[in-house]
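Enquirer: Could you work out the structure for the sequence below:
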Amino acid sequence: MIRSDPSLPIVVVLLLALGFVTLSTAAPTDAFIRQLAFLGAGLLCCALVLWLGSRRLLRYTFHLYVLTVGLLLLTQVMGTTVNGAKSWLYLGPLPGFQPSELAKITLILALAAALHERPIRGPISYLVPTILIAIPVGLVFLESDLGSALVLAMAGVGIVVVRGIPWLHLVILAALFLVTVPTVVWPNLAPHQRERLVSFLDPSADPQGSGYQVIQSTIAVGSGGLVGKGYGQGTQSQLGFIPFQHTDFIFPVLAEEGGFVAASVLLLLYGLLFWRLVAVAAECSHERDQLTIVGVLSLIGFQVLVNIGVTLGLAPVTGITLPLVSYGGTSLISTLLALTLVFVIHRDRYVGW
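Expert: Prediction:
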């Protein structure tokens, strides 16, 4: 018997609604209309996933992973640079898209399949997950898209940790991370990425340059007060003081115009989404299904945490969008696909029993 839970789609619809209300005041009219078109395309893709079902999709997990790696390699050769990152791919008459967004889903599927019923103990057991994570993360990092590389890495790490890893190994991996950042990551960062990390420590050191975004963002959030200045009445947002206000910095627009109340509603909806993902994972008996859902939870949770943290000055600017709220066609479609995949896995959890 097939059972589906409507609570997850309801929370997603509420987040989309709040996001489009904010976009209608934060984004130019043409961008808002394009986002509506992207939503329509995303819903068509979701309908296809619903029709295919989880078992048929999971059967082609590694085919999709290899296809994504191929697209990332193609991006290295003929990609288009946008905002300092060579991450966009244009193929003939097709609209431009970011293969890194597709990589987020295929990496989760591949890791869940590879680690299914395979305990992580000795050094050899780390080989497969390390390779699966390192290939897309490395290719995206070479695009100078640090934000997407971090999201991919955290989605993979979330699956590996939940699958089970000894505490001693966690300590060793943390030590390796601390060594890798100054010796490998920092020397290969683009100049604008280094400026972002430095300005995170002291935004006031360059208030008109690298620290400008964070300063204006925190002013907008603080000026919203309890109930905000009203729809379309935010001075920081409407007068253009907040750069990228309809993409990376959309949360300050919501907080300024809707105040603490609107910001709390958004955080509550995200909390409900994460709770439902945990509950859905617990209701699935197959370990592969559980790991896939954990990967989606890590993926979306990390993006929410970092995006809001950046706008509050609690994290360095990395160019990570706010899922289901920020403007961005590929990001919106990939997030909808990931959540639809969770819904289908939960719906089909008894298929084959």
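
Enquirer: any weak-confidence spans in the stretch 201-350 of the chain?
Expert: 201-207, 209-210 (pLDDT under 70).

Enquirer: what about the helices in it?
Expert: With DSSP state H, counting those that start in this stretch as the criterion, the stretch 201-350 of the chain has helices at 212-223, 235-238, 250-283, 287-311, 329-347.

Enquirer: And the helices in the stretch 1-150 of the chain?
Expert: Assigned by DSSP H, counting those that start in this stretch, the helices in the stretch 1-150 of the chain fall at 7-26, 29-52, 54-59, 61-78, 99-114, 127-142, 146-163.

Enquirer: of these, which approaches S298 most closely?
Expert: Shortest distance between S298 and the helices of the stretch 1-150 of the chain, using C-beta to C-beta, is found for helix 146-163: 2.8 Å. In this view, the C-beta of every residue, glycine as well, is placed from N, C-alpha and C.

Enquirer: centre of the chain versus that closest one, how much separation?
Expert: 10 Å (C-alpha atoms, centre = their mean, to the nearest Å).

Enquirer: Could you figure out how far it is turned away from helix 287-311?
Expert: Going by axes from the mean of the first three to the mean of the last three C-alpha atoms, to 10 degrees, helix 146-163 is angled at 140 degrees with respect to helix 287-311.

Enquirer: Could you check helix 146-163 and say which residues are buried?
Expert: Buried residues in helix 146-163, counted by 16 or more other C-beta atoms under 10 Å: 146-160, 162-163.

Enquirer: same question, stretch 65-79
Expert: Within stretch 65-79, the residues that count as buried by 16+ other C-beta under 10 Å are 65, 68-69, 71-72, 75, 79.

Enquirer: Repeat that for stretch 15-31.
Expert: Buried residues in stretch 15-31, counted by 16+ other C-beta under 10 Å: 15-16, 18-23, 25-27.

Enquirer: Repeat that for stretch 294-305.
Expert: 294-304.

Enquirer: How about stretch 246-265?
Expert: Of the residues in stretch 246-265, 246-259, 262-263 count as buried by neighbour count, 16+ other C-beta under 10 Å.

Enquirer: Q236: which of these is nearest?
Expert: Closest approach to Q236 among the buried residues of stretch 246-265 (C-beta to C-beta): E256, at 5.7 Å.

Enquirer: Could you check the pLDDT of I165?
Expert: The confidence metric pLDDT takes the value 72 at I165.

Enquirer: Could you give the number of residues near it?
Expert: Counted with other C-beta atoms under 10 Å, the neighbours of I165 add up to 18.

Enquirer: try P99
Expert: By other C-beta under 10 Å, the residues close to P99 number 26.

Enquirer: Provide a list of residues in contact with the residue nearest to it when sequence neighbours are not counted.
Expert: Leaving aside its sequence neighbours, P99 sits nearest to L71 (C-beta to C-beta, 6 or more residues apart in numbering; 3.8 Å). L71 sits next to 89, 99, 102 when contact means C-beta atoms under 8 Å, 6 or more residues apart in numbering.

Enquirer: Compute the distance between L71 and C284, please.
Expert: 29 Å (C-beta to C-beta, to the nearest Å).

Enquirer: do the same with S87
Expert: Distance from S87 to C284, counting by C-beta to C-beta: 33 Å.

Enquirer: Check V69 too.
Expert: Distance from V69 to C284, by C-beta to C-beta: 28 Å.

Enquirer: Then P93?
Expert: Distance of P93 to C284, given as C-beta to C-beta: 40 Å.

Enquirer: what about these two, which has more around it?
Expert: Neighbour totals were compared for P93 and C284, and C284 leads with 19 against 5 (other C-beta under 10 Å).

Enquirer: pLDDT check: weakest of the buried residues of stretch 15-31?
Expert: A27 (82).

Enquirer: which ones are touching the closest residue to that residue other than its chain neighbours?
Expert: Among residues not flanking A27 along the chain, H246 sits closest, at 3.6 Å (C-beta to C-beta, 6+ apart). Residues in contact with H246 (C-beta under 8 Å, 6+ apart) are 23, 26-28, 31, 253, 326-327.

Enquirer: Repeat the analysis, applying 6 Å as the threshold.
Expert: For H246, the contact set (C-beta atoms under 6 Å, 6 or more residues apart in numbering) comprises 23, 26-27, 327.

Enquirer: Also K104?
Expert: Per C-beta under 6 Å, 6+ apart, neighbours of K104: L299.

Enquirer: Show the pLDDT at it.
Expert: pLDDT for K104: 93.

Enquirer: separation between it and F302?
Expert: 10 Å.

Enquirer: And for V161?
Expert: 13 Å.

Enquirer: same deal with A112?
Expert: With distances taken as C-beta to C-beta, A112 is found 17 Å from F302.
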